[in-house]
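Participant: Let me see the structure of the following:
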Amino acid sequence: MATKTTNPFVFLQQVRAETAKVTWPTRRETLISTVMVLVFAFIAAIFFFAADQIMAFAIELIFSIGR
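Facilitator: Alright, predicted model coming up:
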């Protein structure tokens, strides 16, 4: 696989051309996506906290039986 070297000026022109093709999200889309990520992260945190508490209670119950 041969590599073709490009001078930095041409490379930056190509990067700029490719960046112009990108469909950037609107401010509203970005806000909605951010809120969704935060909400789902909060829900996941609550779920894992509850699961941890239940497992800790079960393990404590199992180990306290032998005492």
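Participant: When you work out contacts or count neighbours from here on, use the C-alpha atoms and nothing else.
Facilitator: Noted.
Participant: How many neighbouring residues does residue 33 have?
Facilitator: 13 (other CA atoms under 10 Å).
Participant: secondary structure element for it?
Facilitator: Following DSSP states H and E, the helix or strand that holds residue 33 is helix 27-65.
Participant: what mean pLDDT does that helix have?
Facilitator: Averaged over helix 27-65, pLDDT sits at 95.
Participant: Figure out how far it is from the centre of its chain.
Facilitator: 15 Å (CA atoms, centre = their mean, to the nearest Å).
Participant: go on, stretch 5-21?
Facilitator: Distance, stretch centre to chain centre, for stretch 5-21: 29 Å (CA atoms, centre = their mean).
Participant: And stretch 53-67, by the same measure?
Facilitator: With CA atoms, centre = their mean as the basis, stretch 53-67 stands 34 Å off its chain's centre.
Participant: Residues touching it, excluding its own?
Facilitator: Stretch 53-67 is contacted by no other residue when judged by CA atoms under 8 Å, 6 or more residues apart in numbering.
Participant: Begin at 525, not 1, for the rest of this chat.
Facilitator: With the count now opening at 525, the last piece we talked about shows up as stretch 577-591.
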